Each structure stands twice: as structure tokens, then as C-alpha cells.
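Undergrad: got a structure for you, letters missing:
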């Protein structure tokens, strides 16, 4: 079995699981179609195909698999050491981390609940369809959370509290990268990632019409220079914004989408790039283009930007620099500058919830005077 990408009309893509001879896996296809047009479909397809391969090896079917089998599978794919379970699964590949295990658990629960709704293995469906009391964080995160009495839970999900630690850029990384690149386009990428907190898909998916880089732009939605991040599935370079806020074009002006303010450095980098390197007559209207080779002038794919940053990072002695490190450094810096205001950090970075910002970026600076004073008080020291 393998995951097959399917090209659809209008630039849409979808993913399905197919057998070696090319026919669709009927049960998987019925489940994945629920996520048509969403990035979740691709993610779930790859997690699900691994599980289906494991079922074949274990000689299990959808009607015979039980909760303890799913728990055993989750333990195998997340195990770092092969111990009493014998031959490991996914030989030669890294075990799933906590985030991957959470996603796999959500995928498996959704798949088997879908099967149960069709009358297949109803007992397993009942064991997976559990609920719990909402916590204070759950109530704050959810819409109308104060009236919620129960929330769904997943018996396959990893247990215990979890706090992720973002991978920041090294000190001085931005200036070091700028000194190693020669193209105005590459300088624009570095400045816009650093000051805008953009995801690489959002940056490479920008169109010129999305940029309102002057005061009191025609959209009337932000007085300061800003840009609109719009989700488009048909971009020639396959770049897509993760956020899917509604947007439209009225009389040649974009409104809606995710609005992000831009810095003076971003505006300067834009005009330098547009006046020195951007090709005249580019009909696609996208911001970032390839500068050399047979495809010069065509939209620049995210993989090209990633490779450029990796090469620049190695030349600057920083190692491989990844685009998301800019976003993580940006969000952490905004959170610190806003005295821990999660709402400001959420909106500046375009996060879906303040709870996510708190989980990933909420931290205390170990050299903060208040932090130091609290420790000295506990230790019984006086100044």
C-alpha cells in the first residue's frame, strides 16, 4: 500500500491510499474523503497507511482488531528501545515523538469511529468514544467553553502534561545570514521571516495584490502598512497558507485573510527587490520568483527558499537554518516585549489560540529579576 497524490480541477490536490495494483483502499478512502481540501487529509493518509501495513503484518482485520492492539501499535511506533515486543516496526526510522503520537492517535480514533458508524467493530468504537470533564484551560480555549460539561478524550493519546520547547535562531543569526546572501530576493526572505513571523508557505504564497505597504491602504482594514495572508490552493509553486480566513478581491483590492503588519525593514527589502530583480511582465503576479535557470521568472517554491536558507546558514557558520526558527524567535520576542500578553503574541504571529502560544512559548527568563528574587526568597537569602 502507498499514499497517492491526486490532481483535481482548479489546482486542488487530494490524497488517497491505494493497493499495489493501483486500486483505492475503500475503507481508507471513505475516511479520508471527510478531510477533502484540508491539509489534514495528507497528514492522516501517511499515518493511516503505516497503520494499515501493520495490521496486515499482524494478520488483523477491521472487525477483529481491539483496543489493546491499537495500544500496542502506539507503543511500538513510539518506542525508542526494542524490548519485549520482539521485531520493531518501522525499522530504520525514528520513533514517533509526542506530537506525532498525538496526531496518530487522533487519526486512528477518527478512522475506527468512522468504521463503527458503518457498523464495523462497534465494540471498539464504543471504547474509543470516551469523554471527560473539561479543565479550566479547556473552557478558556473553547467557544462558549463556560457552558461545556464534557469533552471528547482519546484513550490512545499520550498521557501526562506536555510543554514543547521552540528551536530559536542563534544570536546574531539574522545579520549573519544577510551578510552571506547576494540576491535582494534572499534578503527579502530573511527580513520578512524575521520581522513578520510568517510561515514559509505563507511567504511563498503571497501575491503582489496581497501587499498593502503604505499608510491607510484601500482595504480600510489596517491603517499601518500590512499584508493579507490568503489561502490559495491553486498557486503555481504549490505554496499554501495554513490559515484559511475568508478573503475576497473587490475592485482590485484584497480584503480579509490574515492581516499582518510589516516593518520598515520589510518595506525597504520589498522595494529593493522589486526595482532590481523582479522580472517585468510576470503574468502570475506572485511575489517570490526564481532568478536563474530555465524557470527564471516563475514562482519560487518553498523548497527553494528552504535550501537557500540552509546554504546561507552553513556559510555563516550557523548550521542548517530552518524557516520555522524565524517564526519561533519572532513569537518568543513578541511575548517577552508584551510582558507575557498571550493575546498580543497570538495575533502578531497568527496563531489559532492563545493556549497554543502559552504551551509552546510561555516561559520565564531565568535571569529575570522577579524570577531571581522569588528563588532567593525560597532559599532564605536576603539582599
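TA: Cool, got the structure. All of these numbers come straight from a predicted model, not from anything done at the bench.
Undergrad: could you pull out the strands for this protein?
TA: 2-7, 13-18, 130-132, 151-153, 211-212, 226-229, 247-250, 253-256, 258-261 (DSSP state E).
Undergrad: Switch those strands over to JSON lines, and while doing so, append distance to residue 41, mean neighbour count and mean pLDDT to every line.
TA: In short, each C-beta sits where N, CA and C put it, glycine included. Listed next are these as JSON lines, based on distance: least, C-beta to C-beta, whole Å; neighbours: other C-beta atoms under 10 Å; pLDDT from 0 to 100:
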{"stretch": "strand 2-7", "distance to residue 41": "10", "mean neighbour count": "13", "mean pLDDT": "88"}
{"stretch": "strand 13-18", "distance to residue 41": "5", "mean neighbour count": "19", "mean pLDDT": "89"}
{"stretch": "strand 130-132", "distance to residue 41": "25", "mean neighbour count": "11", "mean pLDDT": "75"}
{"stretch": "strand 151-153", "distance to residue 41": "20", "mean neighbour count": "13", "mean pLDDT": "74"}
{"stretch": "strand 211-212", "distance to residue 41": "30", "mean neighbour count": "21", "mean pLDDT": "94"}
{"stretch": "strand 226-229", "distance to residue 41": "21", "mean neighbour count": "24", "mean pLDDT": "91"}
{"stretch": "strand 247-250", "distance to residue 41": "22", "mean neighbour count": "13", "mean pLDDT": "90"}
{"stretch": "strand 253-256", "distance to residue 41": "24", "mean neighbour count": "17", "mean pLDDT": "91"}
{"stretch": "strand 258-261", "distance to residue 41": "22", "mean neighbour count": "18", "mean pLDDT": "88"}
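Undergrad: just so I know, which of the ones you listed lies nearest residue 105?
TA: strand 151-153 (10.5 Å; C-beta to C-beta).
Undergrad: before we move on, back to that, what would the strands of the chain look like in CSV with distance to residue 204?
TA: Below are these laid out as CSV (distance: least, C-beta to C-beta, whole Å):
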stretch, distance to residue 204
strand 2-7, 19
strand 13-18, 16
strand 130-132, 40
strand 151-153, 35
strand 211-212, 14
strand 226-229, 11
strand 247-250, 17
strand 253-256, 17
strand 258-261, 15
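Undergrad: Quick check: which of those is nearest to residue 29?
TA: Nearest of these (C-beta to C-beta): strand 13-18, 5.4 Å.
Undergrad: what about the residue lying closest to residue 190 once chain neighbours are set aside, how many neighbours?
TA: Leaving aside its sequence neighbours, residue 190 sits nearest to residue 177 (C-beta to C-beta, 6 or more residues apart in numbering; 5.1 Å). Look at residue 177: counted by other C-beta atoms under 10 Å, it has 26 neighbours.
Undergrad: looking at the strands of the chain, which is closest to residue 328?
TA: Nearest to residue 328, of the strands of the chain and by C-beta to C-beta, is strand 258-261 at 16.1 Å.
Undergrad: Give me the distance from that closest one to the chain's centre.
TA: 17 Å (C-alpha atoms, centre = their mean, to the nearest Å).
Undergrad: neighbouring contacts of that strand?
TA: Among residues not part of strand 258-261, those counted as contacts by C-beta atoms under 8 Å, 6 or more residues apart in numbering are 196-198, 202, 221-222, 224-230, 241, 243, 245, 348, 350.
Undergrad: so who does the residue lying closest to residue 2 once chain neighbours are set aside touch?
TA: In space, and not counting its chain neighbours, residue 2 is closest to residue 18: 6.2 Å by C-beta to C-beta, 6+ apart. For residue 18, the contacting residues are 1, 2, 3, 4, 24, 25, by C-beta under 8 Å, 6+ apart.
Undergrad: Likewise for residue 302?
TA: Residue 302 neighbours (C-beta under 8 Å, 6+ apart): 200, 201, 204, 237, 238, 239, 323.
Undergrad: Sort those by pLDDT and name the bottom one.
TA: For these, the weakest pLDDT value sits at residue 238, with 85.
Undergrad: Could you tell me how many residues sit around the spatially closest residue to residue 192 that is not a sequence neighbour?
TA: Setting aside the residues directly before and after it, residue 192 is nearest to residue 266 in space (C-beta to C-beta, 6+ apart), at 5.4 Å. Residue 266 is flanked by 22 other residues according to other C-beta under 10 Å.
Undergrad: Mind pulling the model confidence for residue 266?
TA: So residue 266 comes in at 92 (pLDDT).
Undergrad: Settle this for me: it is touching residue 196, isn't it.
TA: Yes: Residue 266 is in contact with residue 196 according to C-beta atoms under 8 Å; the separation is 6.3 Å.
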